[in-house]
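**Q** any chance you can model this:
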Amino acid sequence: MTTACNGCHDGAGFDLPITMAFQPIADTNARSTFAYEALVRGVDGMGAGEVLAHVSDSNRYAFDQQCRTTAIEMAAGLDLAKSGTLLSINFLPNAVYEPRACIRMTLAAAMRTGFPVQQIMFEFTEVERLDSAHILNILRTYRSLGLKTAIDDFGAGYAGLGLLADFQPDFVKLDMELIRDVDKNRVKQVIVRNTLNMLDDLGIIPICEGIETVGEYEMLRDLGVNLMQGFLFARPGLGVLPTAEWPSDGNTISRVM
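**A** Residues are numbered from 1 along each chain as shown. Sure thing, here's the model as predicted:
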């Protein structure tokens, strides 16, 4: 075992009790829920920002591991696997020291609960500058184990074109700031359209997040986007799998079954 992995075990535990809220990613072509993203919450109603404020360098590993296992255990308890829907879990790259060692608890939780590994998607946002070789090692290891990978908040964090040149994840989630008022902003339309064309050429499936208005939805549909996430479809549900909704052609809301 490496010194870094010893550091994992020597680090502090994460003592704040957590739970998960789940938000659907809607497949607007099939009119079904493609995936549920697990979003950390405190059991006392504490929001994600407050929970993350308790994360430090010493307990980062324990927090990351606790989020993974909690998400899998709760998703399994909600029978998410039966539908074939993906479970999307956020992970902290800085909490992963050696990918094959740090994934053991995740795989054990999946085996213990009977949750299929191939239905797990790991997404990350590179909010801090990291060694690109480290990120690539994580993503390639996860892919070799049958896990799906996604870059979150593309266009906002440090992860960008340089990473895509070396590794093509299964999914890229376009940052909500690019999506906000995209129907009213020609510059954003140009950026989004060309980003979508690039992802298509690379064989990467785009997911647009942060959709809140019918206008944004319709513009993204016109640009060829299928997978979408945002308050327009459903807000995160604490401990439940919310039924997503989306605008029909008549600008009314229809249920995603």
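
**Q** so what's the spatially most central residue of the chain bridging to?
**A** Nearest to the mean C-alpha position of the chain, counting by Cα atoms, centre = their mean, stands E123 at 4.1 Å. On the basis of DSSP bridges, E123 takes part in beta bridges with N90, A150.

**Q** would you confirm that it contacts N90?
**A** Yes - between E123 and N90 there is a contact under Cβ atoms under 8 Å: 5.7 Å. Backbone N, C-alpha and C define where each C-beta goes, glycine included.

**Q** which residues do those two both contact?
**A** Contact criterion Cβ atoms under 8 Å, 6 or more residues apart in numbering; residues shared by E123 and N90: E37, D152.

**Q** can you get me a residue count around the nearest residue to A35 once chain neighbours are set aside?
**A** The shortest distance from A35 to any non-neighbouring residue, by Cβ to Cβ, 6 or more residues apart in numbering, is to L86 (3.7 Å). A count of nearby residues for L86, using other Cβ atoms under 10 Å, gives 24.

**Q** how close does L86 get to Q23?
**A** 13 Å (Cβ to Cβ, to the nearest Å).

**Q** what touches both of those two?
**A** By Cβ under 8 Å, 6+ apart, the residues touching both L86 and Q23 are Y36.

**Q** show the pLDDT at the residue nearest to I179 when sequence neighbours are not counted.
**A** Computed as Cβ to Cβ, 6+ apart, the closest residue to I179 that is not its neighbour in sequence is G210, at 4.9 Å. Per-residue pLDDT puts G210 at 95.

**Q** spit out the contact partners of G210.
**A** By Cβ under 8 Å, 6+ apart, the neighbours of G210 are D175, M176, E177, I179, R180, Q229, G230.

**Q** what is the burial count for the nearest residue to I103 once chain neighbours are set aside?
**A** Spatially, and ignoring its direct neighbours in sequence, I103 is nearest to L145 (6.7 Å; Cβ to Cβ, 6+ apart). When neighbours are defined as other Cβ under 10 Å, L145 has 15 of them.

**Q** same check on T70?
**A** T70: 18 neighbours (other Cβ under 10 Å).

**Q** that one is in what secondary structure piece?
**A** Assigned by DSSP states H and E, T70 belongs to helix 60-77.

**Q** quick one: buried residues of that helix?
**A** 60-76 (16 or more other Cβ atoms under 10 Å).

**Q** what does stretch 91-110 give?
**A** Neighbour-count burial for stretch 91-110 [16+ other Cβ under 10 Å]: 91-99, 102-103, 106-107, 109-110.

**Q** what do you get for stretch 238-247?
**A** L241, P242, A244, E245, W246, P247.

**Q** which one of these is nearest to D200?
**A** Proximity of those to D200 (Cβ to Cβ) peaks at W246, which lies at 22.3 Å.

**Q** check what pLDDT that closest one gets.
**A** In this model, W246 carries a pLDDT of 78.

**Q** I'd say it and Y217 touch.
**A** Yes - counting by Cβ under 8 Å, W246 does reach Y217; the two are 7.0 Å apart.

**Q** which residues do the two both contact?
**A** With Cβ under 8 Å, 6+ apart, W246 and Y217 have common neighbours T28, M228, L232.

**Q** wouldn't the first one be in contact with N226 here?
**A** Yes - applying Cβ under 8 Å as the test, T28 and N226 come out as touching, 5.7 Å apart.
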